[in-house]
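*Asks:* Structure for the following, please:
(one chain, ligands or ions: 1)
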Amino acid sequence: MKLSKIIPLLLLCMQTAFTGQLQVVATYGYIGDIVQRIGKDRVEVVVLARGDYNPHIIIPKPSYIAKLRRADLLIINGGQLEIGWLPQIIKQANNGAVQPGERGFLDLSMHVHLIDVPTSVSRELGDVHPEGNPHFFMDPDNIPVIAKAITERLSELDPDNQAFYEANNKELYALWQRNMKVWEEKLKPFKGEKVIEYHKIFDYFLNRFGFTIAGTIEPLPGIPPTTKHIADIEKLIEREQVKFIFQDVYNPQDASSYLSKRLNVKLIVLPHDVGAVKEADNVFSVFDEIIRRITQ
Ligand SMILES: [Zn+2]
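*Replies:* Take a look at the predicted model:
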């Protein structure tokens, strides 16, 4: 066969190999990992945000627009976590299939119970959690709920593979429940321990495993601490006999380090998403690593 005939044939084969693969864009690493576990080779997943960045303040790259332009499905965390960076990308990508309200748009926050939902919505004081705490991924019991929502949406967009997606979801569910038992066992001795966080990012995790949240170094979510607030936290740590300060990987650590050294409270830096630290490279290892760092 002549080369001139082989090349078009090859091109045709390459094209066929890619048809049928749903193009999914996920805003955060944890979403991408769950989609990959359910969709396996039937999906192509692109994650927009880097896991070691502040999820509220992702710096959009021009390449994000091209990625979204080709997408069949956009899956977001929601609860205003992406409000500062995603709307502009959606607008510029100009892809009718993934606009809010379309089947190609999935907002995970609509499927879980949000905590700290204020009675009146106001960003007046700069609070970056005006609709409640959006960091629900930190509750490991939310993973099966998220996985189910993703399974249903993939099945809706690609009904030929529904049984495949459902079987993968079932497998993920069983594996997740086994890990959950191990995590619960490891954290049993920590029930009731008092914790200070920098940002209200680990609340769902702390609530799930029975820690007590004594306070936060930020006076309001997204607002850096003042000297007065740090002095108040210092008194609170002594009064309440706080055992730990939990810090994320991206916020400044000087206030946490100061309090930790001065009052001899253990400061632990924890991952908040897939890719936040190198050990946390998937949804399972995020929780493995959080628990390893707390219990070691
Ligand atoms: Zn936040």
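
*Asks:* Return the helix or strand in this structure with minimum mean pLDDT.
*Replies:* Least confident helix or strand of the chain, by mean pLDDT, DSSP states H and E, is helix 3-18 with a mean of 47.

*Asks:* Check which helices and strands the next helix or strand after that helix sits against.
*Replies:* Proceeding N to C from helix 3-18, the next assigned helix or strand is strand 22-26, under DSSP states H and E. Helices and strands touching strand 22-26, by 3 or more C-beta pairs under 8 Å, 6 or more residues apart in numbering; DSSP states H and E, are helix 29-39, strand 43-47, strand 73-76. In this view, the C-beta of every residue, glycine as well, is placed from N, C-alpha and C.

*Asks:* which stretch among those comes nearest Lys266?
*Replies:* Closest of those to Lys266 is helix 29-39, at 25.9 Å (criterion: C-beta to C-beta).

*Asks:* Can you list the neighbours in contact with the closest one?
*Replies:* Residues outside helix 29-39 that contact it (C-beta atoms under 8 Å, 6 or more residues apart in numbering): 22, 24, 26, 43, 45-47, 49-51, 75-77, 108, 137, 143, 146-147, 150-151, 154, 165, 168-169, 172, 273-275, 282-283, 286.

*Asks:* Likewise for stretch 261-272?
*Replies:* Contact with stretch 261-272 is made by 51, 55, 135, 138, 196, 201-202, 234, 237-238, 242-249, 253, 256-257, 259-260, 277, 279-280, 286, 289-290, 293-294, as judged by C-beta under 8 Å, 6+ apart.

*Asks:* Might you calculate how far it sits from the centre of the chain?
*Replies:* Put simply, stretch 261-272 sits 22 Å off its chain's centre (C-alpha atoms, centre = their mean, to the nearest Å).

*Asks:* what's the answer for stretch 176-193, then?
*Replies:* Using C-alpha atoms, centre = their mean, the offset of stretch 176-193 from its chain centre is 20 Å.

*Asks:* With stretch 283-295 instead?
*Replies:* Worked out by C-alpha atoms, centre = their mean, stretch 283-295 lies 14 Å from the chain centre.

*Asks:* where are the low-confidence patches of the stretch 151-296 of the chain?
*Replies:* For the stretch 151-296 of the chain, no stretch is flagged by pLDDT under 70.

*Asks:* The stretch 1-150 of the chain now?
*Replies:* 1-19, 121-125.

*Asks:* can you give me the helices in the protein?
*Replies:* 3-18, 29-39, 62-69, 86-93, 143-157, 162-187, 203-208, 227-240, 254-263, 283-295 (DSSP state H).

*Asks:* Which stretch among those helices is buried most, on average?
*Replies:* helix 29-39 (a mean of 24; mean count of other C-beta atoms under 10 Å).

*Asks:* by how many degrees do that helix and strand 43-47 diverge?
*Replies:* Angle of helix 29-39 versus strand 43-47, following axes from the mean of the first three to the mean of the last three C-alpha atoms, to 10 degrees, is 180 degrees.

*Asks:* tell me the angle helix 29-39 makes with strand 22-26.
*Replies:* Going by the same axes, to 10 degrees, helix 29-39 makes 160 degrees with strand 22-26.

*Asks:* check contacts around the residue lying closest to Pro224 once chain neighbours are set aside.
*Replies:* Among residues not flanking Pro224 along the chain, Glu218 sits closest, at 6.7 Å (C-beta to C-beta, 6 or more residues apart in numbering). Residues counted as contacts of Glu218 (C-beta under 8 Å, 6+ apart) are 198-200, 224-225.

*Asks:* In CSV, list those residues along with neighbour count.
*Replies:* Shown next, in CSV, are the contacts of Glu218 (neighbours: other C-beta atoms under 10 Å):
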residue, neighbour count
Tyr198, 23
His199, 24
Lys200, 22
Pro224, 14
Pro225, 20
